[in-house]
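**Q** Got a predicted structure plus its sequence, pasted below:
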Amino acid sequence: RKEVEQDPGPFNVPEGATVAFNCTYSNSASQSFFWYRQDCRKEPKLLMSVYSSGNEDGRFTAQLNRASQYISLLIRDSKLSDSATYLCVVIFNTGGFKTIFGAGTRLFVKA
Amino acid sequence: EPEVTQTPSHQVTQMGQEVILRCVPISNHLYFYWYRQILGQKVEFLVSFYNNEISEKSEIFDDQFSVERPDGSNFTLKIRSTKLEDSAMYFCASRPGGRHQETQYFGPGTRLLVL
């Protein structure tokens, strides 16, 4: 089983739609969780950290379920500019700290 | 807003040659990282660096790779004898350190092509 797993998509949605991504992780020693977005041939950019209590930033909501070992990202009212690859990132504490990226979920928002 | 910078943006080299990729992390950051991303694949952790030593490295980071912080501002990744499969985008990242400051900030990357 992969350490961090995401549905690669692509998700094709119209503008204004709500879309949700899930990410599962295999190691219960996971410490910190993040969603990054990556545009084509660019660096990953932090979208939001994910906390146990869940957190919201404008149109974006992230949730963490430690019991089931998954995190989610909900995007409401999708914009054309939301088209990107969304990367789930988990930091494991296994003696040292390892940062593991998921392979990403591709989102296309169409007019 | 301060940002991580990387040079060069592109590097083409012959197989077997040494390359040095350079990064300038954000100035008050304490933890530094190198990642690579082969075209079409996921971002892979290579190494983390703190307090002038490697704190963690992956299986990819073998004896061909080394890192250095030679002058307190630059953070370099050296590949001693490049192989075709080293062709990838290499990202540097840094973070402030301290509890609840685990967000890593990425540079724009160096695209390495080994011929």
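**A** Ah, there it is.

**Q** going forward, measure contacts between C-alpha atoms and count neighbours the same way
**A** OK.

**Q** what's across from residue B:93 in the sheet?
**A** Note on residue B:93: beta-bridge partners residue B:33, residue B:106, judged by DSSP bridges.

**Q** Touching, it and residue B:107? I think so.
**A** Yes: using CA atoms under 8 Å, residue B:93 makes contact with residue B:107 at a distance of 6.0 Å.

**Q** anything in contact with each of these two?
**A** Shared contacts of residue B:93 and residue B:107, defined by CA atoms under 8 Å, 6 or more residues apart in numbering or on different chains, comprise residue B:4.

**Q** neighbour-wise, which of these two wins?
**A** Remark: of residue B:93 and residue B:107, residue B:93 carries more neighbours, 29 against 25, as counted by other CA atoms under 10 Å in any protein chain shown.

**Q** need the contact list for residue B:28.
**A** Contacts of residue B:28 by CA under 8 Å, 6+ apart are residue B:96.

**Q** just the one 4 residues further on next, same as before
**A** When contacts are counted by CA under 8 Å, 6+ apart, residue B:32 touches B:25, B:48-50, B:75, B:92-95.

**Q** again with residue A:74
**A** Contacts for residue A:74 (CA under 8 Å, 6+ apart) come out as A:18-21, A:59-62.

**Q** From chain A, how far off is residue B:31?
**A** Separation of residue B:31 from chain A (CA to the nearest CA, to the nearest Å): 12 Å.

**Q** Around that residue, how many other residues sit close by?
**A** If you count neighbours by other CA under 10 Å, residue B:31 ends up with 22.

**Q** likewise residue B:70?
**A** Counted with other CA under 10 Å, residue B:70 comes out at 10.
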